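1. Give me a 3D structure for the following:
(one chain, ligands or ions: 2)
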Amino acid sequence: MFKVIVVDPISEEGLKSLTDHEQFEVDINTGLSESELINIIDSYDALIVRSQTQITPPILDAAKNLRVVARAGVGVDNIDINYATKQGILVINAPDGNTISATEHSMAMILSMARNIPEAHRSLQDGNWDRKKYRGTELYKKTLGVIGAGRIGLGVAKRAQSFGMNILAFDPYLSSDDAKRLEITRATVDEIAEQADFITVHTPLTPKTKGLVNEDFFNKAKPNLQIINVARGGIIDEDALIKALDEGKIEKAALDVFTEEPANNTPLTQHEKIIVTPHLGASTIEAQEKVAVSVANEIIDIFENNNVLHAVNAPQMSGEVEEELRPFVELSRTTGEVGIQLFEKGPRELKIKYHGEIALDDTSLITRQLVMGVLQQDLGDHVNLINALVLLNEQGVTYQIEKNSKKYGFSNYIELELVNKEHSIKIGSTVLNGYGPRIVRINDYPVDFKPEKHMLLIHHNDQPGIVGKMGQILGEHGINIASMHLGRHSIGGEALMVLSIDDEASEETIADLFAIEGFQSINKVELNQSL
Ligand SMILES: NC(=O)c1ccc[n+]([C@@H]2O[C@H](COP(=O)([O-])OP(=O)(O)OC[C@H]3O[C@@H](n4cnc5c(N)ncnc54)[C@H](O)[C@@H]3O)[C@@H](O)[C@H]2O)c1
Ligand SMILES: O=C(O)[C@H](O)COP(=O)(O)O
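-> Ligands and ions are numbered 1, 2, ... in the order given. Next comes the predicted model:
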């Protein structure tokens, strides 16, 4: 049984797949303070939020069993993603469930602002009939600047085009082909500031977008500019906005979102040139149901099938992709496990190479598996696919990836090199058609073995009789040899022997083996499981 807690108001209808599921117990407990949530969070496997509840490091520290934080909506700025990642907690969102509602709300804000609807409504309710004061502006043939042309930004652009508006858009990811197809003109932030009559922002709030619209921007703006923010408070610098309105540098603003929420009786909510709504962009019956259905179904899929569709802090994973990559996934973790056990001191750098067909795939999952294999030796089960790269960085180990689609003797080849100041070691592995995963290189030795649970890697001189002596000693210690592979540079030179044995070799066994003349070093390699 998995326990899920819902801490913000979410459509209960939309959560039905989860609440009706026999494997899940769902508690709805909204409006908790941070300390109240800290007191109860350790018994939950998954947590569902909207934008109200801040998911802070102390909450994540207390969440000893938490595997997933699910955001029933788009913006994840209320969740400390870096901390969740470090703790190995998966964060997912529902990226498209509220797109239409937020798009329509943006249009409602633009139209309300252009035609003074909230002010005129209030005035009429106060008993006035003032037609002159509330004269508005047409959208037709005006220029709309869209900053952030993603789902909502492009949705607004499309609707504004149907009003006859020209669209300028700034988004680093908007290609010229897409812009052409959508009849949108790509522009810089400055060009938008200088040319737009209306501006709407639809980026996430990030260090880069915080204050993207600022005093400098307003200094370049046209005096008739009307600007809206239905994305996140802070993308438009709030002090600069008030100053620009007060100094008549721009005409009006419409805000659905604020740096501090709830925003009650603030200079922004009370300003006569700003119309406001209390973060209502996603507040429709339809959007709330869609985001709830999305997170509920995804939580079930994660716990039942390990499928992750909308990961915020992990590579996308699905049963299908994993099935396709399964031999590589297991091989790469094992390659990491073997590598770290052959490397005596801690590595400072990992050099990862993908050659052949595998280089054409998205290898992010495989890289994380390699790193997990390396780190789990020292950090244990705490390391998972979510936090592997963060923990590697915390250990002071850098990594680099090289990809080359040219074949390297095999149709696919993965190489892990562990490096520190004193030495380095290379482990090469592949998946052989019909034979499965193999380790095919250790440093300069060509080898060919299937990694098994208990192994010994022995550097020795290539001389007659050595194998017999070794078999005898292992036999005396009651250890059966499952397989043996030899790799050497030249006859009579240095050689490498890889033994798979049925039981773990004790220190005593290894000491006895080491006494054999010609044995130079023995590395015991213990895997979590055989491949
Ligand atoms: N008011 C509400 O209730 C409400 C509802 C839904 C979404 N939102 C907010 O709207 C925002 C956009 O949502 P979306 O669904 O369109 O997301 P999206 O991911 O589809 O689009 C965001 C776009 O912003 C672009 N972008 C990122 N950094 C940028 C930068 N520095 N400059 C320009 N563009 C940049 C991205 O390339 C992307 O195209 C999010 O912050 C979300 O939280 C608010
Ligand atoms: O990012 C979002 O999805 C919106 O801001 C909606 O937030 P809400 O779920 O708190 O309404």
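2. how about whichever residue of the stretch 201-350 of the chain sits closest to ligand 1, what does it touch?
-> Among the residues of the stretch 201-350 of the chain, Gly281 lies nearest to ligand 1; the distance is 2.4 Å by C-beta to the nearest ligand atom. Backbone N, C-alpha and C define where each C-beta goes, glycine included. With contacts defined as C-beta atoms under 8 Å, 6 or more residues apart in numbering, Gly281 is in contact with 98, 101-102, 105-106, 230, 256-257.
3. Among these, which one lies nearest to Thr19?
-> If you rank the contacts of Gly281 by distance to Thr19 using C-beta to C-beta, Asn98 comes first, at 20.9 Å.
4. wait, doesn't that closest one sit right on Arg71?
-> No. Look at Asn98 against Arg71 with C-beta atoms under 8 Å: they stay out of range, at 11.0 Å.
5. chain center to the helix or strand of the chain with the lowest mean pLDDT, what's the gap?
-> With mean pLDDT, DSSP states H and E as the measure, the helix or strand of the chain carrying the lowest mean pLDDT is helix 319-342 (a mean of 84). Helix 319-342 has its average C-alpha position 20 Å from the chain's average C-alpha position, going by C-alpha atoms, centre = their mean, to the nearest Å.
6. Which neighbouring elements make contact with that helix?
-> In terms of contacts (3 or more C-beta pairs under 8 Å, 6 or more residues apart in numbering; DSSP states H and E), helix 319-342 is packed against helix 364-379, strand 412-419, strand 424-432, strand 436-442, strand 519-526.
7. nearest to ligand 2, of the ones you listed?
-> The minimum distance between ligand 2 and those falls on helix 364-379, with 25.2 Å, by C-beta to the nearest ligand atom.
8. Pull the distance from that closest one to the chain's centre.
-> 17 Å.
9. May I have that helix as PDB, with CA atoms only?
-> Taking Å, rounded to 0.1, in the frame of the first residue of the first chain, the C-alpha atoms of helix 364-379 are listed here in PDB:
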ATOM      1  CA  SER A 364      21.100  10.100 -20.100                       C
ATOM      2  CA  LEU A 365      19.500   7.100 -18.400                       C
ATOM      3  CA  ILE A 366      22.600   5.000 -19.100                       C
ATOM      4  CA  THR A 367      25.000   7.600 -17.800                       C
ATOM      5  CA  ARG A 368      23.100   7.900 -14.600                       C
ATOM      6  CA  GLN A 369      23.200   4.100 -14.200                       C
ATOM      7  CA  LEU A 370      27.000   4.100 -14.700                       C
ATOM      8  CA  VAL A 371      27.300   6.800 -12.000                       C
ATOM      9  CA  MET A 372      24.900   4.900  -9.700                       C
ATOM     10  CA  GLY A 373      27.100   1.800 -10.100                       C
ATOM     11  CA  VAL A 374      30.200   3.900  -9.100                       C
ATOM     12  CA  LEU A 375      28.600   5.700  -6.200                       C
ATOM     13  CA  GLN A 376      26.500   2.900  -4.700                       C
ATOM     14  CA  GLN A 377      29.700   1.200  -3.400                       C
ATOM     15  CA  ASP A 378      30.300   4.000  -0.900                       C
ATOM     16  CA  LEU A 379      26.900   5.700  -0.600                       C
END
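10. Name the surrounding residues that touch it.
-> Counting contacts by C-beta under 8 Å, 6+ apart, the residues outside helix 364-379 that touch it are 315, 317, 321-322, 325, 328-330, 332-341, 347, 350, 352, 354, 358, 383-385, 388-389, 391-392, 395, 399, 401, 414, 416, 418, 528.
11. and this structure, which of its residues are near ligand 1?
-> Selection of the chain residues close to ligand 1 by C-beta under 6 Å from any ligand atom yields 74-75, 95, 98-99, 102, 147-153, 170-173, 202-204, 208-209, 230-232, 256-257, 279, 281-282.
12. Which ones among those map onto helices?
-> 99, 102, 151-153 (DSSP state H).
13. can you tell me which of the residues you listed lies nearest to ligand 2?
-> Using C-beta to the nearest ligand atom, Ala102 comes nearest to ligand 2 of these, at 6.6 Å.
14. Find the helix or strand that Ala495 is a member of.
-> Under the criterion of DSSP states H and E, Ala495 resides in strand 494-501.
15. In the sheet, which strands lie alongside that strand, parallel or antiparallel?
-> Listed by DSSP bridges, the sheet partners of strand 494-501 and their directions read strand 454-461 (antiparallel), strand 481-488 (antiparallel).
16. Which positions in that strand come out as buried?
-> Neighbour-count burial for strand 494-501 flags 495-501 (criterion: 16 or more other C-beta atoms under 10 Å).
17. Against which helices or strands is the following helix or strand past it packed?
-> Using DSSP H and E, the helix or strand that follows strand 494-501 in sequence is helix 507-514. Helices and strands in packing contact with helix 507-514 are listed as strand 454-461, helix 466-476, strand 519-526; criterion 3+ C-beta pairs under 8 Å, 6+ apart.
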